[in-house]
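A.B. asks: Need a 3D model of the sequence below.
(chains A and B)
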Amino acid sequence: MIAAPAFASAFSGALFCLKIAAVLVPALVLYEILAPLPLFARWGAWLGPRLAPLGMSSPCALPLAAGLFLGIAYGAGIIIPMGERRDIGTDEIQSVGLFLVNCHAVLEDTLLFSLVGSRGPVQVLERMAVLAGVRLALAIGVARARFLRVRRRPGTRPGSRGLW
Amino acid sequence: MTIGDRARRGLVRGGHACFVLLRVTVPTFVAIDFLRRLGAIAAIGGLCAPAMALFRLPGEAAIPVLLGLLLNLYTATAALGSLGLSGGQVTVLGLMLGLAHSLPVETVVLHEAGARALRLLAYRVVMAVLVGLVASRLAIGAHS
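C.D. replies: Below you'll find the model as predicted:
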């Protein structure tokens, strides 16, 4: 009889999903409510000029923030048009891309993994902090390293586009 | 936009994520249970055990890794939830898969945006391996 075990595992799959939903949905609602606060607009204005050491100019702040919080797939609507903007250079796009592959969708992705087999909210927060912290540190470090390396080789393919 | 609109947008986003998750977890849990009964999980685990041992992970952990790399983190988490790994092992996998996941989709988006996407792809895979090697030494005991 194959139906009984299949039903049991389907049920435990749904239960697993429900447990994640119980945390994920309120977290995203809270984020949507808090995101348009003036505090965050000021944070964006503050962030823009400070991206220079990472090889990005102020207009990069929007696609960067979209990737950071929405993710590369959900933020594609804001990230892809970056290629058409005249105020963002191809080399800056590579810097944004390098930053984002290290660290994107920091809320959803880290929450998802932190919820697997965690005991209690303290452990969830602890694991989220570890996952997000390591990725953010890597993103900043690698973008900075790339900026230092590229700047030291002036004129190396400033406008090159392509797969590699 | 009023607070109500924003809350609704959060609900829609969360609901969408959960719908994706539900569509993925139920079949994944059923499939993995089925494969386990057939002995396929043990076979894949045995095959991948030497590679996964580098990260102090059991061979079966190769399944969420492969699903995460090729499909998405929802599928990977679903497979992870049905394997019953320790907290440290989940953290190591979370770091590795956090760096390298949904590679086909995300590489296309980055390419469309004008980045040199294959270079970023190679970077992600290499960095995931390096971070996995270091993190596993820190988070997982030698004999667990």
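
A.B. asks: can you tell me the helix or strand for residue 33?
C.D. replies: Using chain A here. For A:Ile33, the element it lies in under DSSP states H and E is helix A:3-34.

A.B. asks: nope, chain B please
C.D. replies: helix B:3-38.

A.B. asks: between that helix and helix A:3-34, how big is the angle?
C.D. replies: Interaxial angle of helix B:3-38 relative to helix A:3-34 (axes from the mean of the first three to the mean of the last three Cα atoms, to 10 degrees): 150 degrees.

A.B. asks: tell me what helix B:3-38 is packed against?
C.D. replies: For helix B:3-38, the packing partners by 3 or more Cβ pairs under 8 Å, 6 or more residues apart in numbering or on different chains; DSSP states H and E come out as helix A:3-34, helix B:40-53, helix B:73-81. Glycine gets a C-beta too; all of them are placed from N, C-alpha and C.

A.B. asks: Could you give the separation of the helix or strand following the first one from the chain centroid?
C.D. replies: Past helix A:3-34, heading to the C-terminal end, the next element that is a helix or strand (DSSP H and E) is helix A:38-47. Centroid separation between helix A:38-47 and its chain, computed with Cα atoms, centre = their mean, to the nearest Å, is 18 Å.

A.B. asks: ditto for stretch A:33-48
C.D. replies: 17 Å.

A.B. asks: average pLDDT for it?
C.D. replies: For stretch A:33-48, the per-residue pLDDT values average out at 80.

A.B. asks: got the buried residues for that stretch?
C.D. replies: Neighbour-count burial for stretch A:33-48, counted by 16 or more other Cβ atoms under 10 Å in any protein chain shown, picks out A:Ile33, A:Gly48.

A.B. asks: Name the residues that touch that stretch?
C.D. replies: A:57-62, A:65, A:69, B:1, B:3, B:6-7, B:10 (Cβ atoms under 8 Å, 6 or more residues apart in numbering or on different chains).

A.B. asks: Would you write a PyMOL line that selects the buried entries of the residues you listed?
C.D. replies: Buried residues within those, as defined by 16+ other Cβ under 10 Å, are selected in PyMOL through the command that follows:
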select buried, (chain A and resi 58+59+60+61+62+65+69) or (chain B and resi 6+10)
